[in-house]
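J.: Provided below for reference: sequence and predicted model.
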Amino acid sequence: FVGLPSSFSLTTCTMTSWNDHVSAMIDPRYKCDKATIIGLGDGDSWVPTHPQLLAITPQEAQDIVAPFMSSDLTPFKTNGVTAEGGRYLLMQADDDDNTAFFQGSAGALAMGSTRMSVVIGHSLTENGFQCQSSVGDLLDYLSSVGY
């Protein structure tokens, strides 16, 4: 972007705010109990503080981002993912939509990527379908506004 200071970052740029998007995913109708949004390129959190933040480590973020960056979700099939120290196994993946759904002993994870971000929702229930829908809605919105 021409004319913006070198310190400008999309993670500090807000449409409403990144916290508001996470709060919308946590709405009881959607069954997500935790959520986060991370940068597709670097895995940095776009939501540094939220009472119901899915607090993934930098290494966990890198392991999540890498398959989405390559548009090849095969590593998820082989390794699953780790989030907040818990292991989750892949139940469903769509390479065309760049979305994945996982189950683990701590619940379920739904995630997907846009051009610039990875949206992740956690559900305490094993099926997590409402949370998966919430993640999909946010992915659609972020894509529609260029993120």
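T.: Everything's here; your move. From a predicted model like this one, the values you see are computed outputs, not experimental measurements. Numbering: from 1, shown residues only.
J.: which other residues reach the lowest-mean-pLDDT helix or strand in the chain?
T.: Within the chain, no helix or strand scores below helix 18-26, which has a mean of 87 by mean pLDDT, DSSP states H and E. Helix 18-26 has contacts (Cβ atoms under 8 Å, 6 or more residues apart in numbering) with 11, 15, 30, 32-37, 46-47, 49-50, 52-53, 119, 121, 131, 134-135, 138, 142. The way it works is simple: take the backbone N, C-alpha and C, and place the C-beta from them, glycine included.
J.: Check the offset of the next helix or strand after that helix from the chain's centre.
T.: As assigned by DSSP states H and E, the chain's next helix or strand after helix 18-26 is strand 34-39. Counting by Cα atoms, centre = their mean, to the nearest Å, strand 34-39 is centred 4 Å from the centre of its parent chain.
J.: Against which helices or strands is strand 34-39 packed?
T.: helix 18-26, helix 58-70, strand 117-123, helix 129-144 (3 or more Cβ pairs under 8 Å, 6 or more residues apart in numbering; DSSP states H and E).
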